[in-house]
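Enquirer: Mind folding the following:
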Amino acid sequence: MNAKKLATMTTMSGHILEEEAALTLAELCWICHTPAEIMIKLVNQGIITPLEGNNSRQWRFHRSTLIRADKALRLKRDLGVNFAGAALALDLLDELEDLRSQLKLLMDASRS
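Expert: Below you'll find the model as predicted:
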């Protein structure tokens, strides 16, 4: 393999999760490579929400929480956004996605 092609290759890593498996706080921290204190801050800011549990030891999270937590952590790390700002940005991104979905449905319906 030549040096140019080798330089453009990327390595991906990931974790395989069961589709319906709920994650504990410890599992979420392990997968995101983030301390529990930070994940608890994400919960307190409303960025992520446990499916169940009254305290952090009992919390269980939907697997989709990984995506939202990762986005918030990247906003903080890469752009220096605080968690309140990350919560706002993620809520606005969710709203934008909802509006795009509604627009697509309307456009598809008008074509019929």
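
Enquirer: In the protein, where is pLDDT below threshold?
Expert: 1-20 (pLDDT under 70).

Enquirer: Which residue ranges of it form helices?
Expert: 3-8, 25-32, 36-44, 65-79, 83-111 (DSSP state H).

Enquirer: Which positions in the third one come out as buried?
Expert: Of the residues in helix 36-44, those buried by neighbour count under the rule 16 or more other Cβ atoms under 10 Å are Met39, Lys41, Leu42, Val43. C-beta: built from backbone N, CA, C; applies to glycine.

Enquirer: Quick check: of those, which lies closest to Glu95?
Expert: Relative to Glu95, the closest of the buried residues of helix 36-44 is Leu42; by Cβ to Cβ it sits at 19.1 Å.

Enquirer: what sits against the closest one?
Expert: Ile48, Ala69, Ala72, Phe83 (Cβ atoms under 8 Å, 6 or more residues apart in numbering).

Enquirer: What residue, apart from its backbone neighbours, is nearest Arg57 spatially?
Expert: Leu25 (7.5 Å; Cβ to Cβ, 6 or more residues apart in numbering).

Enquirer: Who wins on neighbours among the contacts of Leu42?
Expert: Within these, Ala72 tops the neighbour count with 26 neighbours, counted by other Cβ atoms under 10 Å.

Enquirer: That one contacts Gly85, doesn't it?
Expert: No. Contact criterion Cβ atoms under 8 Å: Ala72 and Gly85 do not qualify, at 9.7 Å.

Enquirer: thinking again about what came up before, tell me, how many residues neighbour the residue nearest to Arg57?
Expert: By other Cβ under 10 Å, the residues close to Leu25 number 20.

Enquirer: How much space separates it from Ser64?
Expert: Distance, Leu25 to Ser64, by Cβ to Cβ, to the nearest Å: 16 Å.

Enquirer: Likewise for Gly80?
Expert: From Gly80 to Ser64 the distance is 26 Å (Cβ to Cβ).

Enquirer: which one of the contacts of Leu42 sits closest to Thr34?
Expert: Each of the contacts of Leu42 was checked against Thr34 using Cβ to Cβ; the closest is Ala69, at 7.6 Å.

Enquirer: and the closest one, what does it touch?
Expert: So Ala69 contacts Leu28, Cys32, Thr34, Met39, Leu42, Ile47, Ile48 (Cβ under 8 Å, 6+ apart).
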